[in-house]
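J.: dropping the sequence and predicted coords here.
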Number of protein chains: 2
Amino acid sequence: MKKAVEILNKSNIRPTLQRINILNVILKYKNHMSAEDIYKILQRETPTISRATVYNTLNLLSKNGILAEVITPDSVRYDYVEKFHHHFYCEKCKKVYDIHDEFSVPNIKKIDGHIVKNIQYCIVGICKNCLNGGE
Amino acid sequence: MKKAVEILNKSNIRPTLQRINILNVILKYKNHMSAEDIYKILQRETPTISRATVYNTLNLLSKNGILAEVITPDSVRYDYVEKFHHHFYCEKCKKVYDIHDEFSVPNIKKIDGHIVKNIQYCIVGICKNCLNGGE
DNA sequence: ACCTCTTTTAGACATTGTCTAAAATTATTA
DNA sequence: TAATAATTTTAGACAATGTCTAAAAGAGGT
């Protein structure tokens, strides 16, 4: 599985073992996980991984456009995005769903003098599954 | 300053002392504060106020449409909204700014089978003030 | 090898939010 | 009014999320 290494190299990010592992977790589970989720999964394999490394790496990958930060009411989730899409957050089960409907987001780089780095919809509600009583 | 009691009564929420105080803090400071901010301010006057009361009340007021929950990457902020507007979050100073530009938000009640309760933009970047070196 | 720069670690600390059982308050009924 | 029922608040433990720092480990260039 050399995809992670390629992705890192393309952005001139030194492909350390930790970074590869972190990216691989995201590529494998496609769950919109929080940093803590990713940290916990990695700890099972490599108990010495540091929380700071996970947070720093996720930040680095986001800054380089490799990951999208999905903002939810309870945490930031990370998503490896190949095709742009929106996200829906269920306030009951806390899951994030991809939304492929194409409503547009204004393409602004600056507003009222502030520099815009990231603009996204936060769509919050109760998901299909929870409406049916959860599982 | 519009009466907190009136606002509560109009929504049939029993105007207890704690609820009045909480709402008054929001009406007075127009700062897009987090629950913790509000809790800390109230503690100065009434040290016995409970964190749970603050969180429960903010929730109740939001559910009744009295307050808007502004979702940011680090916390939910509360805003007493008279006229609908958007928000900008500065990732450096953590401040939230009102944005009165009118780009529209899709008016959807349901998407992919999920019920939508709240849809808003998350606009993140560096604010005008921090660009000028902060204060 | 040596030196320098980058990266990771460990763990304390801070912030944000949830939960619960008991106490206090308010409303309702007898 | 007194007794009872329902609502609200409290205190504080607990949980989840995120930041920070100094020291150690690792990698690259000469």
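T.: Ah, there it is.
J.: quick check, A:Arg51 in contact with A:Tyr39.
T.: Yes. A contact is recorded between A:Arg51 and A:Tyr39 when judged using CB atoms under 8 Å, the distance being 5.6 Å. Just so you know, the C-beta spots here come from the backbone N, C-alpha and C atoms, and that holds for glycine as well.
J.: which intervals of chain A have sub-threshold pLDDT?
T.: Low-confidence regions of chain A, defined here as pLDDT under 70, cover residues A:1-2, A:135.
J.: strands along that one, start to end?
T.: Taking DSSP state E as the criterion, chain A contains strands spanning A:33-34, A:68-71, A:76-79, A:86-90, A:96-99, A:110-111, A:114-126.
J.: TSV for the ones you listed, including distance to B:Tyr80?
T.: As requested, the strands of chain A are arranged in TSV below (distance: least, CB to CB, whole Å):
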stretch	distance to B:Tyr80
strand A:33-34	30
strand A:68-71	22
strand A:76-79	26
strand A:86-90	24
strand A:96-99	29
strand A:110-111	23
strand A:114-126	19
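J.: okay if I get these as TSV plus mean neighbour count?
T.: Formatted as TSV, those follow (neighbours: other CB atoms under 10 Å in any protein chain shown):
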stretch	mean neighbour count
strand A:33-34	20
strand A:68-71	20
strand A:76-79	21
strand A:86-90	22
strand A:96-99	18
strand A:110-111	14
strand A:114-126	19
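J.: so for B:Val81, which of the ones you listed sits nearest?
T.: Taking CB to CB as the criterion, strand A:114-126 is the member of the strands of chain A that comes nearest to B:Val81, at 15.7 Å.
J.: distance between that closest one and the chain's centre?
T.: From the chain centre to the centre of strand A:114-126 is a distance of 14 Å (CA atoms, centre = their mean, to the nearest Å).
J.: what of stretch A:86-93?
T.: The gap between where stretch A:86-93 is centred and where its chain is centred comes out at 14 Å by CA atoms, centre = their mean.
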